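This is the structure alone, sequence omitted:
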């Protein structure tokens, strides 16, 4: 199910609207009417050099670095609302290879549509007060490609400087056909859970995204466990209830487990309370999430 400050809950075919006071942090966010909250511990960081040498994505050191065109002051800022257009598609969006580094802006930086290309928007260190870390998907000619927040299957290219490089050890892979979520650490499967996913017409979006942040549950139907908001949004915003337009997809639990293994949500990923608590405790924001139809072979934890 996806979230907004006024979240309709569909239970047994009946929509109930929860009117919730939304803080400035999430004026139009669909994170269940509460502010995204940072994780309990600060992540380890390695400051990016002017021309970082990646450990997970190879780059030709002899390539010259295309200069970054000046960014007009009037460019939009990527926020919790749907991201501006013009960014390129992620060519490896279904790749389940772990993304082991993230980029955290240390100042406002311009995001481009290609190395040396056109600036399309600004990225800031936080999105409405929540620290932003985006998985690094590629490096080319001194530039760094990250998964774009508030968009599906899109990349943003960053010129050197203006961000820290953060190590990422965890990954979540969701299989739609088998209704299975698997948590990986350092490339090895740790745990798997049965999950509920998006109903017909509101399918859980395929492709690579990431954990954007967490929020407390606004209502008892969420089982009293914090929610993880993802960087992805519904593929068809018009298909979701009006109160969820402009929504993000989330990972959350429910007040019961009766519908696990079914397609019943508004696109979100619903698992058990114990599973959600474990993910919240172990998997930090910025970690990548990949939604596929089905893996070639079941993970060893299945």
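Sure, I can see it. Keep in mind that what you see is a predicted model, and the values were worked out from it rather than measured. Residues are numbered from 1 along each chain as shown.

from here on, contacts and neighbour counts on C-alpha atoms
OK.

Going by residue numbers, what spans are strands in the stretch 201-302 of the chain?
Along the stretch 201-302 of the chain, counting by DSSP state E, counting those that start in this stretch, strands occupy 207-215, 227-230, 250-252, 263-265, 269-270, 288-292.

and residue 87, which of the ones you listed is closest to it?
Using Cα to Cα as the measure, strand 207-215 is the one of the strands of the stretch 201-302 of the chain that comes nearest residue 87, at 14.8 Å.

now the strands of the stretch 201-302 of the chain in JSON lines, with mean neighbour count?
Shown next, in JSON lines, are those (neighbours: other Cα atoms under 10 Å):
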{"stretch": "strand 207-215", "mean neighbour count": "26"}
{"stretch": "strand 227-230", "mean neighbour count": "27"}
{"stretch": "strand 250-252", "mean neighbour count": "26"}
{"stretch": "strand 263-265", "mean neighbour count": "22"}
{"stretch": "strand 269-270", "mean neighbour count": "30"}
{"stretch": "strand 288-292", "mean neighbour count": "24"}
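
wait, which of those strands is closest to residue 240?
strand 263-265 (10.1 Å).

so what strands line up beside the closest one?
Its sheet considered, strand 263-265 pairs with strand 197-198 (parallel) by DSSP bridges.

quick one: contacts of the strand it pairs with?
1, 176, 179, 203-204, 261-270 (Cα atoms under 8 Å, 6 or more residues apart in numbering).

Now do that strand: distance to the chain's middle.
Averaged C-alpha coordinates place strand 197-198 at 16 Å from its chain's average position (Cα atoms, centre = their mean, to the nearest Å).

What segments of the stretch 51-200 of the chain are helices?
Counting by DSSP state H, counting those that start in this stretch, the stretch 51-200 of the chain has no helices to list.

Next one: residue 130 from residue 86, what distance?
Going from residue 130 to residue 86 by Cα to Cα, to the nearest Å gives 25 Å.

More neighbours: these two, which one.
Legend: neighbour count by other Cα atoms under 10 Å for residue 130 and residue 86, higher for residue 130 (18 against 14).

Tell me what the more buried one is bridged to.
Beta-bridge partners for residue 130, by DSSP bridges, are residue 127.

before we move on, the earlier item: can you say which of the strands of the stretch 201-302 of the chain is nearest to residue 185?
strand 288-292 (11.2 Å).

Note down every partner strand of the closest one and its orientation.
Neighbouring strands of strand 288-292 in its sheet, by DSSP bridges, are strand 170-175 (parallel), strand 207-215 (antiparallel).

can you list these in CSV and add distance to residue 297?
CSV is the format used below for these (distance: least, Cα to Cα, whole Å):
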stretch, distance to residue 297
strand 170-175, 11
strand 207-215, 18
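
Next up, the contacts around residue 118.
If you count contacts by Cα under 8 Å, 6+ apart, residue 118 has them with 69, 112.

measure it to residue 232 for me?
According to Cα to Cα, residue 118 stands 23 Å off from residue 232.

Identify the bridge partners of residue 138.
Residue 138 has these beta-bridge partners by DSSP bridges: residue 145.

and it, how many neighbours?
Residues near residue 138, counting by other Cα under 10 Å: 20.

Next one, pLDDT for it please.
According to the prediction, residue 138 has pLDDT 98.

so which of the strands paired with strand 288-292 comes closest to residue 75?
Closest among the strands paired with strand 288-292, once you apply Cα to Cα, is strand 207-215, at 22.1 Å.

Let's have the strands of the stretch 201-302 of the chain in JSON lines, adding mean pLDDT and distance to residue 80.
Converted to JSON lines, the strands of the stretch 201-302 of the chain look like this (pLDDT from 0 to 100; distance: least, Cα to Cα, whole Å):
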{"stretch": "strand 207-215", "mean pLDDT": "95", "distance to residue 80": "10"}
{"stretch": "strand 227-230", "mean pLDDT": "95", "distance to residue 80": "10"}
{"stretch": "strand 250-252", "mean pLDDT": "96", "distance to residue 80": "13"}
{"stretch": "strand 263-265", "mean pLDDT": "96", "distance to residue 80": "21"}
{"stretch": "strand 269-270", "mean pLDDT": "98", "distance to residue 80": "19"}
{"stretch": "strand 288-292", "mean pLDDT": "98", "distance to residue 80": "18"}
